[in-house]
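Colleague: Turn this into a structure:
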Amino acid sequence: MRFVSLSDIYLSDIMRDSTTKYAVLGLLTMGPRSGYDLKKLIEGSVAHFWSESYGQLYPILARLAAAGLVRRRTERQRARPDRHVYALTPAGRRELEGWLAAPVRTEGFRSELLLKLFLGRAAGLETTRGHVERYRQRQRELAQTYDAIRARLRADHGRHPELPYWLLTLSYGRHRAQALSRWCDETLRTLDRLRRPRAAKRPRAG
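Modeller: Have a look, this model is predicted:
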């Protein structure tokens, strides 16, 4: 079993920050957007597997603009703060295409559930079982959510050229939720066996 070190966490944070740059460039291929618009686009599309906060987006946008990878346009608004809209530049598109062509990096994995399960003997069977039951319920709800999203995407964007790619990522989420739900079933059965007292051994006949 591989344990996560502090250096692993630090490198994971660096990788995430650099990947955020490409996530922003990729989303801007769908058209110019403000930081607020990008956040809403993320929430309505990739948030199930890649989320960003405003605190991450705005510094990245500033750095991308300084590097000439995006272009910023200021829109004046009456009685409201100015709106800064960002658009992908040719240099930004080349940068994105280079990243998309590169092999996918192996990312670190962290799970509080697995950590608590690993230390489950100290918590007790009932507490550990409760964690797994709640996690299973969450996975079942996610699978239903993905089914609803798939139906809505097909109804609203049936002819969109990027729809097949959106559905591929959605299919990953559905399969993952279903597989994790089955893992929870198996884990709960194992915990139930641990909960049953072992039958006393019968003395052998002399």
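Colleague: CA atoms for contacts and neighbours, from now on please.
Modeller: Will do.
Colleague: Phi, psi for the nearest residue to residue 73 once chain neighbours are set aside please.
Modeller: The spatially closest residue to residue 73, leaving aside those adjacent along the chain, is residue 85, at 5.1 Å (C-alpha to C-alpha, 6 or more residues apart in numbering). With angles defined as degrees, to the nearest 10, residue 85 sits at phi -110, psi 130.
Colleague: residues near residue 85, how many?
Modeller: 18 (other C-alpha atoms under 10 Å).
Colleague: what does residue 83 give?
Modeller: Count around residue 83 with other C-alpha under 10 Å applied: 16.
Colleague: repeat for the one 5 residues further on
Modeller: Neighbour count of residue 88, defined by other C-alpha under 10 Å: 25.
Colleague: got it, and the one 10 residues further on?
Modeller: Residue 98 has 10 neighbouring residues, counting by other C-alpha under 10 Å.
Colleague: for residue 145, same thing?
Modeller: 13.
Colleague: Going C-terminal from the host helix or strand of it, what's the next secondary structure element?
Modeller: Following DSSP states H and E, one finds residue 145 within helix 125-156. Tracing the chain past helix 125-156, the next element assigned as helix or strand by DSSP H and E is helix 163-195.
Colleague: roughly how far is that following helix from the heart of the chain?
Modeller: 15 Å (C-alpha atoms, centre = their mean, to the nearest Å).
Colleague: where are the low-confidence patches of the protein?
Modeller: Residue ranges of the chain with pLDDT under 70: 1-17, 197-206.
Colleague: Tell me how it divides into domains.
Modeller: With domains defined by automatic domain parsing, the chain comprises 6-101, 112-195.
Colleague: quick one: the residue nearest the centre of the chain from residue 86, how far?
Modeller: Nearest residue to the geometric centre of the chain (C-alpha atoms, centre = their mean): residue 49, 2.2 Å. Using C-alpha to C-alpha, to the nearest Å, residue 49 is found at 23 Å from residue 86.
Colleague: Over to residue 44?
Modeller: Residue 44 sits 19 Å away from residue 86 when distances are taken as C-alpha to C-alpha.
Colleague: Please identify the buried residues of stretch 178-189?
Modeller: For stretch 178-189, the buried set under the neighbour-count rule, 16 or more other C-alpha atoms under 10 Å, comprises 178, 180-181, 184, 187-188.
Colleague: swap that for stretch 89-97, sorry
Modeller: Neighbour count says stretch 89-97 has 89, 92-93, 96 buried, by 16+ other C-alpha under 10 Å.
Colleague: before we move on, what about stretch 119-135?
Modeller: Judged by neighbour count using 16+ other C-alpha under 10 Å, the buried positions of stretch 119-135 are 120, 128-129, 132-133, 135.
Colleague: Turn those into TSV, columns for distance to residue 58.
Modeller: Shown next, in TSV, are these (distance: C-alpha to C-alpha, whole Å):
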residue	distance to residue 58
120	41
128	40
129	41
132	37
133	38
135	33
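Colleague: Out of the residues you listed, which comes closest to residue 18?
Modeller: residue 135 (30.4 Å; C-alpha to C-alpha).
Colleague: Now residue 77: closest residue in space that isn't a chain neighbour?
Modeller: For residue 77, the spatially nearest residue (C-alpha to C-alpha, 6+ apart) is residue 83, at 7.0 Å.
Colleague: distance of the one you found from residue 54?
Modeller: Taking C-alpha to C-alpha as the measure, residue 83 and residue 54 are separated by 15 Å.
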